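**Student:** please work out how this folds:
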Amino acid sequence: MTMTIVAKEGIGTVSAVIRLKHTLQDAKVFCVEYLRDNSPRCITDVIATTKLADRVTGNCVERTWTDMHGSSYSFHGSARQSPEMIKQGLLSETDYLIRRDGDEAFLPNLSLASYAERLEIFQSLCPGIAR
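**Tutor:** You can find the predicted model right below:
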C-alpha cells in the first residue's frame, strides 16, 4: 500500500516516527498497479475501506518497529546468521532476519513485496542498520 510521507521525527533514535497520509493519489496507484483497475469507483472504495494508521514508529536501539497496519516487528541482522533458512531457500545471503511479534519463526522471503515493504519501513525509521 502506497502512502504519502507527511513528516519525520526522531529518525534513528528510540522514538522514530514517520507520519503518513493515505491520499487519493495513493489509492489510485494501488488500484492501477495492484488491482489493475483504473476506475474512479476503485479509488473511492479503497479510500473508504482501507484502515491504515497515520504513522509508523520505531525504536532503533531495540531494533523494533510498528507498521501502518499495527503489526510489530523486530530486526535480527543478516540472514547469514541462519544458514538453515538459506539452505532451505527461504532466504538468500543478502536478506535480513525479521520477526513479527508473537511469531516464533522469522519471516520467510516468500512474499517478496511484503518482505520488502517491512524492510523498507525499518530502513526508513532506522537508517544505517540494514543496508
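**Student:** which ones are touching Gly77?
**Tutor:** 96-97 (CB atoms under 8 Å, 6 or more residues apart in numbering). Glycine gets a C-beta too; all of them are placed from N, C-alpha and C.
**Student:** surely it is within a strand?
**Tutor:** Yes. Using DSSP: H, G, I helix; E, B strand; the rest coil, the secondary structure at Gly77 is a strand.
**Student:** check what pLDDT it gets.
**Tutor:** Listed pLDDT for Gly77 reads 85.
**Student:** for Asn59, see how far away it is.
**Tutor:** Look at Gly77 and Asn59: by CB to CB, to the nearest Å, they are 16 Å apart.
**Student:** sketch out the low-pLDDT regions of the chain for me.
**Tutor:** For the chain, the stretches with pLDDT under 70 are 80-94, 108-113.
**Student:** SS state for the residue nearest the centre of it?
**Tutor:** Per CA atoms, centre = their mean, the C-alpha nearest to the average position across the chain is that of Arg118, at 2.5 Å. Reduced to three states with three-state DSSP, the structure at Arg118 is helix.
**Student:** quick one: contacts for it?
**Tutor:** If you count contacts by CB under 8 Å, 6+ apart, Arg118 has them with 67, 73, 98, 107.
**Student:** surely the second one touches Arg99?
**Tutor:** Yes. Applying CB atoms under 8 Å as the test, Tyr73 and Arg99 come out as touching, 6.6 Å apart.
**Student:** mind listing what's buried in the helix or strand hosting Cys42?
**Tutor:** Element membership for Cys42 (DSSP states H and E) is helix 40-49. Of the residues in helix 40-49, those with enough neighbours to count as buried (16 or more other CB atoms under 10 Å) are 42-43, 46.
**Student:** same question, stretch 97-111
**Tutor:** 97-99, 106-107, 109.
**Student:** possible to save those residues as JSON lines with secondary structure?
**Tutor:** Compiled in JSON lines, these are given as follows (three-state DSSP):
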{"residue": "Leu97", "secondary structure": "strand"}
{"residue": "Ile98", "secondary structure": "strand"}
{"residue": "Arg99", "secondary structure": "strand"}
{"residue": "Phe106", "secondary structure": "coil"}
{"residue": "Leu107", "secondary structure": "coil"}
{"residue": "Asn109", "secondary structure": "coil"}
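**Student:** I am finished for the moment; much appreciated.
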